[in-house]
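Peer 1: Predicted model follows, preceded by the sequence.
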Amino acid sequence: MGSSTDEEFKEKLLWNVKREVKQIMEESVTKKFVHEDSSHVIALCSTIEACLTHLLKRRAAGFLRSDKIAALFTKIGKVNDTTAEVCRKVQEQLQQQAEITRRTQSTAQEPLRRQGSSAGRAPQPLSAQAIKHIWVRTALFQKVLDKVVEYIVDNSSKYYEREALIHDSVFGPILAALLVGPCALEYTKLKTSDHFWTDPSANELVQRHRIHGAHRGQESSPSRRPALGIRKRQSSGSMAEDKFAASAREYVESLHQNSRVHLLYGKNNVLVQPKKDMEVLRGYLSLHQAVETLTLKWTPNQLINGTLGDCDLDKSVYWDYALTVPLRQIVCIHCHQRPDCGGTLVLVSQDGIQRPPLHFPPGGHLLAFLSCLENGLLPRGQLEPPLWSQRGKGKVFPKLRKRNSTARLLEGDGEGDEEVAADYVFRIVYPGHRHDSNHGDMAEIPGLGGSPLSWQQGESTSHMSSCLSCSTGGSNASFEFPPGCTCMHDRIPLKMLCQNMKRQIVSRAFYGWLAYCRHLSTVRTHLSALVNHNMVTPDKPCEASGGLSKDVWSKYQKDCKNYKELELLRLVYYGGVEHEIRKEVWPFLLGHYKFGMGKKDMTQIDEKITARYQQVMREWKACEVIVKQREKEMQSAIFAKLSSGSSIDSHVLRLVHRDSTLSNEVFMSVDDPYAGSQDTPGGSDSPPTLTTVVTPAALALDERPLVEFDSPDSGLPSSRNYSVASGHSQILSSIEDGQSMEDDPSEESQSQASQDVPSRRDSLMEERLGTLMDKPGTATGISPSWSSYTIEVLDTVALNLHRIDKDVQRCDRNYHYFTTGNLEKLRNIMCSYVWEHLEMGYVQGMCDLLAPLMVILDDECLAYSCFTQLMKRMNKNFPNGGRAMDTNFANMRSLIQILDSEMFELMHQNGDYTHFYFCYRWFLLDFKRELLYEDVFAVWEVIWVAPRISSKHFVLFLALALVEVYRDIILDNNMDFTDIIKFFNEMAERHDVQQILQIARELVHKVQTLIDNK
């Protein structure tokens, strides 16, 4: 048990190094360089140090030294020149830092003028993190870290315990090889404009979201998110709506004067009470003017001063309290003055919702803010009533008569009606708009001043005099008007306001109902075929969240009548399959067995599958022997031509020596150029069947099929596109343009001589072929001659075998199951399937679909049968299998457009990646590369049973659920196509599968409900 734990720990250490190497390589590709102070450099150094200190011997680490890395490098530097150079560089940097520290302390005591003269020449000190990892960091920047680690690995027995990662015969060399890439990068100290604002990693984005989302209320919904350039009606007064979803950099810059925005007003210690049940907060109030917008912002002092330290959890709460108010949405400003405070300002939006009150400190700051606001509104808008200008004082509040004697600033007996109002209501009007002529948009508030008509300066007119006479004539009965007065009173504006509100309510209700009807019509048109119309609930007839347990399965095996097939599938859909019985259940889910079969029937099926599998194995192995022999003859022919001095074009040589790993890819697709010119010898020394079947017509380019297979990861970082048709045609043309083999008998003899060189290897291959043909089953039509297969078949088989061999060796190498023996089984199954489906061939990714089946079933014949059943659905996603992938993309577009319109708008605006190409790998491999193996098992089970329970297209809802899980992160960071691909690549194997499955089931149920709601 302890050994397995140690192995897992070492695998975790190595996995961390792989992750950080991937991050730093991606940064170098994106920016063309890596900054020395990048967080990825620090993270990489930290993970490497963890590997180097794992089970380091005490005498190697130093008995009295706390820095084990320093002790290790110092000890190795005595015997290794490369490490000694690193040690010298580190000592120079440490001495330089000590000098900087001493100089800084002495400079602090000198006059200020001397500071300015010396500060410019002083080198910048290293950060604390850089000093902490200075040994590994210096070796990395000197581009020798891989060599140092390689030396340590080669001499690990001197410095490490036997169980250490460095001492491991596999993990140690892998660690050294991983560092070759980072050591080849360019590192710079140049301070770029965006140096401190690099794109955060996916893990950092998720952590930010968790911290920020921990304090969001349960009422938060997609409709209440900040606007991201999407036009929508602002009808909520929550402060979450007032805060824009902007990055920290943009928000900090927006609070200061810059080239795009002018700062009109700024005042600290303005009080705001964000919620009724919490204390008042002090913050910074600012007024910003852009080209066509005027924006008011309030930020808590805790965010401005950074007084929270490392308490990011509390800090996220204050971000929720920050206000950002576009003044275009504000129609009224209520100002309240009191003797004991500086004044209070309340903003009222178009829908009547009030923003949190702003409490100004004493000292005339409220009036100063209104003055700056009035200047900022010009020339398009203005305050109504305007502020008055008074000689010697500047702007002052307008002197308005009070209509009501119930609220007075100064106590009195009501003898004078000329007392100045302490409370004001200002309107923000835009004279160019038609609504400004309608004074009925605002009703008079008793005690807070008169109607908008009374705010005009033309108070001396007869019309205003009559109104004032009406208001003053009845001082004891303020709501009665003199008989015979025909002036327009505030009843008319109030009536008009009610009528306007009534019309708006009715129109909104009608258009809402119309939009809902259109929405349902769209849903039924586009999504009705994506789900089953019969809903299967998780609680009837019993709760299914427990899944298919071992007890339930044993009861079913004893008597099939205990459970119906649909009930078992329902349990799997809502709860999965217990791991111990997956080997028994999966053949039923994949269709290898039928539910209700007896053991006798199951045994017969197994026998048939075994016989069929063995037959297919014999067939393709016989063809493989011929293909390999043919490749060897082709190589011998080309080498003979080279040794004879015949001219071969330089581009052919480049193709031959382009890459040793692709040599088969070139030679396997080229027909034997000597086959058409050589006659069959009369003797029996050479095999007659290997040189007589290829006719010259087979070499014609226009008659040869161009076999191309696209990589399934096209467009993704790990994509590889294989195409041998171009290389094949180039080699053929160069050989055919050379000397004709039919006209030069000397070359024929040279070719024969060249074939004698590898004669021993060829004879061994012939013996293997003869042995294979002598085995039972060769009488079924398999012949040991080329005439059994056409040239096209041999080319296709050779191409597919080469691809399979390359992918099998790379298939999940870190998973413990895939030993050499199991990889050979994996290759046998894949070759057998491809042999039966040569028209489609092998495409990268098929091994990924087969690997989990091998892990669970652990039976070659059974895995072959189940893989064949699985590929009946999956082969439509591959390039030569059908157009299912295009259909998936189109359905995803319809799904997200209907179920999450805000996300769809973001995708459409940021480069229009509503084509959903970032989901290509998800659909192609059923999310296999996105999840851990244990999670892949759970997801695949649900996908297999979903057609009978909820939807034949459950993978679409899984993909949508995967996007919805990170919806807030995508929206908050305004991700484009490149960002979202990078994000999901980094998040691979880190997802919460149970949450994703639950969201996917809920999305299916939501669509079913929409369709059923007629």
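Peer 2: In hand now; what should we look at?

Peer 1: What is the longest helix of this protein by residue count?
Peer 2: Criterion DSSP state H: the longest helix present in the chain is helix 599-643.

Peer 1: For it, the averaged confidence score.
Peer 2: Regarding helix 599-643, the rounded mean pLDDT is 91.

Peer 1: same for it, what does it pack against?
Peer 2: When contacts are defined as 3 or more Cβ pairs under 8 Å, 6 or more residues apart in numbering; DSSP states H and E, helix 599-643 packs onto helix 663-667, helix 745-756, helix 759-774, helix 791-810, helix 820-836, helix 860-874. Heads up, the C-betas are built off the backbone N, CA and C, glycines and all.

Peer 1: Lowest average pLDDT across those?
Peer 2: Mean pLDDT values for these show the minimum at helix 663-667, a mean of 33.

Peer 1: doesn't residue 26 make contact with residue 982?
Peer 2: Yes - counting by Cβ atoms under 8 Å, residue 982 does reach residue 26; the two are 7.1 Å apart.

Peer 1: on that earlier part again, can you check what angle separates the longest helix of the chain from helix 791-810?
Peer 2: When axes from the mean of the first three to the mean of the last three Cα atoms, to 10 degrees is applied, the directions of helix 599-643 and helix 791-810 differ by 110 degrees.

Peer 1: Now do helix 599-643 against helix 860-874: the angle between them, please.
Peer 2: Put simply, helix 599-643 runs at 80 degrees to helix 860-874, going by the same axes, to 10 degrees.

Peer 1: Just the angle for helix 599-643 relative to helix 820-836, thanks.
Peer 2: 90 degrees.

Peer 1: and the one helix or strand residue 939 maps to, what other elements does it pack with?
Peer 2: Here residue 939 sits within helix 933-949, counting by DSSP states H and E. Packing contacts for helix 933-949, counted by 3+ Cβ pairs under 8 Å, 6+ apart, involve helix 565-575, helix 582-590, helix 846-857, helix 954-965, helix 993-1012.

Peer 1: For that helix, output the C-alpha coordinates as CSV.
Peer 2: The C-alpha coordinates for helix 933-949 follow below in CSV (Å, rounded to 0.1, in the frame of the first residue of the first chain):
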residue,chain,number,x,y,z
TYR,A,933,-10.4,8.0,-16.3
GLU,A,934,-12.7,7.5,-13.3
ASP,A,935,-14.9,10.4,-14.6
VAL,A,936,-14.8,9.0,-18.2
PHE,A,937,-16.4,5.8,-17.0
ALA,A,938,-19.3,7.7,-15.3
VAL,A,939,-19.9,10.0,-18.3
TRP,A,940,-19.8,7.3,-20.9
GLU,A,941,-22.4,5.2,-19.0
VAL,A,942,-24.8,8.0,-19.0
ILE,A,943,-24.2,8.8,-22.7
TRP,A,944,-24.9,5.1,-23.6
VAL,A,945,-28.3,4.9,-21.7
ALA,A,946,-29.5,8.4,-22.5
PRO,A,947,-31.1,7.6,-25.9
ARG,A,948,-33.6,5.4,-24.1
ILE,A,949,-34.2,7.7,-21.1
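
Peer 1: Remind me which helix or strand residue 99 belongs to.
Peer 2: Assigned by DSSP H and E, residue 99 falls in helix 81-107.

Peer 1: er, residue 268 I mean
Peer 2: In this assignment (DSSP H and E), residue 268 forms part of strand 262-272.

Peer 1: quick one: buried residues of that strand?
Peer 2: Neighbour-count burial for strand 262-272, counted by 16 or more other Cβ atoms under 10 Å, picks out 264-267, 270-272.

Peer 1: again with stretch 131-144
Peer 2: Neighbour counts over stretch 131-144 (16+ other Cβ under 10 Å) mark 132-144 as buried.

Peer 1: When you compare pLDDT across these, which one is lowest?
Peer 2: The member of those with the lowest pLDDT is residue 132, at 87.

Peer 1: That one: what's it in contact with?
Peer 2: Residues counted as contacts of residue 132 (Cβ atoms under 8 Å, 6 or more residues apart in numbering): none.

Peer 1: Contact partners for residue 541?
Peer 2: Contacts were defined as Cβ under 8 Å, 6+ apart; by that measure residue 541 touches residue 567.

Peer 1: Surely it is within a strand?
Peer 2: No - Residue 541 is assigned coil when assessed by DSSP: H, G, I helix; E, B strand; the rest coil, not a strand.
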